[in-house]
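>>> Got a sequence here, can you model it:
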Amino acid sequence: MSENRARKESAGEAAITTRSGDGMVGGDGDDELERLVRRLDADSTDDAMDAQGALTHRGRDTDVITPLLRCLPTLTRYGQLCAIEIIEELGDARAAPSLIELLTSEHDTVREWAALALSDFPVPEAVPALWRAYHACRSRGVDPDWSEPVGYRFALTALGARRPVVPPLTASLRLTTAEGVQAWPSTRLPEVLDDLASHGQVTLYFQLWRVESDTRYWTSVPDNEPALDFALPWPSLIGKSLRRAAAIAVGATLKDDVVATIKWIDEADR
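You can find the predicted model right below:
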């Protein structure tokens, strides 16, 4: 879940804590749950987040998924994003068919978040739908380093339908953070970038994170390099991506308490 989504979820939980005495979460009627679902479309984002928090809280012991899925197609973009977060939090696989439908949404963020949510539900029909969404995204000219195709590849990998190429050195240096994120020691970043390129991989980008007490803190990295031209022949793109990433790494802070997360693709992902 992105930092923005995490902040939004926290705001919803805070609303439950501070408003539990005003009757907002009282009663068990389906009509009341549907009214809460409709409030995900409130003009005020604060009201929408209050409703999201209430539905998430109620969903621990009440079926909120049924009314949520019933209303989902008619919600606006923001309401659907709130609904996806509720589904992720409650982990109810009944939502998988509705999430698959959202992969054809007119909104790219809705498609991306639906794909990420599907990564938690190993339903057979999700994989072909995700591949269709990925190829449709690429056919629209969306570059593979944008968040939407990144989300599709993540979901396909999580569901076992895509196997990233991980060269030997890259695999040996890989570590897992306390949050379960794969990362690499930043002091070995140049070696990993070389290893990826020598095995035919194109590095899209990397991010640096300072680790302190099992928590990651994002570290800014100056990036004044030109964007990649994905129309280049693959061998040229490999070399270009390596030179670009290596140049950015030169200006970065590579220390023992800093790890790198790296996104790369194989020619099969093109």
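>>> Can I take it that Trp264 is in a strand?
Yes: secondary structure assignment places Trp264 in a strand (DSSP: H, G, I helix; E, B strand; the rest coil).
>>> what pairs with it across the strands?
Taking DSSP bridges, one obtains Thr203 as the residues bridged to Trp264.
>>> number of nearby residues for it?
Neighbourhood size, Trp264 [other C-beta atoms under 10 Å]: 24. Any C-beta I mention is one placed from the backbone N, CA and C, and that applies to glycine too.
>>> likewise Gly239?
Gly239 - counted by other C-beta under 10 Å - has 13 other residues nearby.
>>> Now do it against Pro226, distance only.
Noted for Gly239: a distance of 14 Å to Pro226, by C-beta to C-beta, to the nearest Å.
>>> likewise Leu81?
Distance from Leu81 to Pro226, by C-beta to C-beta: 32 Å.
>>> Same question for His107.
29 Å.
>>> just Pro149 next, same as before
20 Å.
>>> Between those two, tell me which one has more neighbours.
Legend: neighbour count by other C-beta under 10 Å for Pro149 and Pro226, higher for Pro149 (22 against 7).
>>> and that one, which of the three is it?
Secondary structure, three-state DSSP: Pro149 is helix.
>>> Wait, it touches Ala133, no?
No: the pair Pro149 / Ala133 is not scored as a contact, 9.3 Å apart, by C-beta atoms under 8 Å.
>>> Tell me the buried residues in stretch 114-125?
Residues of stretch 114-125 classed as buried: 114-121 (neighbour count, 16 or more other C-beta atoms under 10 Å).
>>> Select from the residues you listed every entry located in helices.
114-118 (DSSP state H).
>>> Now tell me which helix or strand of this protein has the poorest mean pLDDT.
Across the helices and strands of the chain, mean confidence by mean pLDDT, DSSP states H and E is lowest for helix 3-19: a mean of 34.
>>> which stretches of this protein form helices?
3-19, 30-38, 45-58, 65-71, 77-90, 96-102, 108-118, 126-139, 147-158, 168-173, 189-198, 234-250.
>>> Show the end-to-end separation of stretch 249-263, please.
Using C-alpha to C-alpha, to the nearest Å, the end-to-end distance of stretch 249-263 comes to 14 Å.
>>> try stretch 207-218
Stretch 207-218 end-to-end distance (C-alpha to C-alpha) = 8 Å.
>>> do the same with stretch 176-196
By C-alpha to C-alpha, one end of stretch 176-196 lies 19 Å from the other end.
>>> Name the residues of that stretch that come out as buried.
Neighbour count says stretch 176-196 has 183-186, 188-189, 192-196 buried, by 16+ other C-beta under 10 Å.
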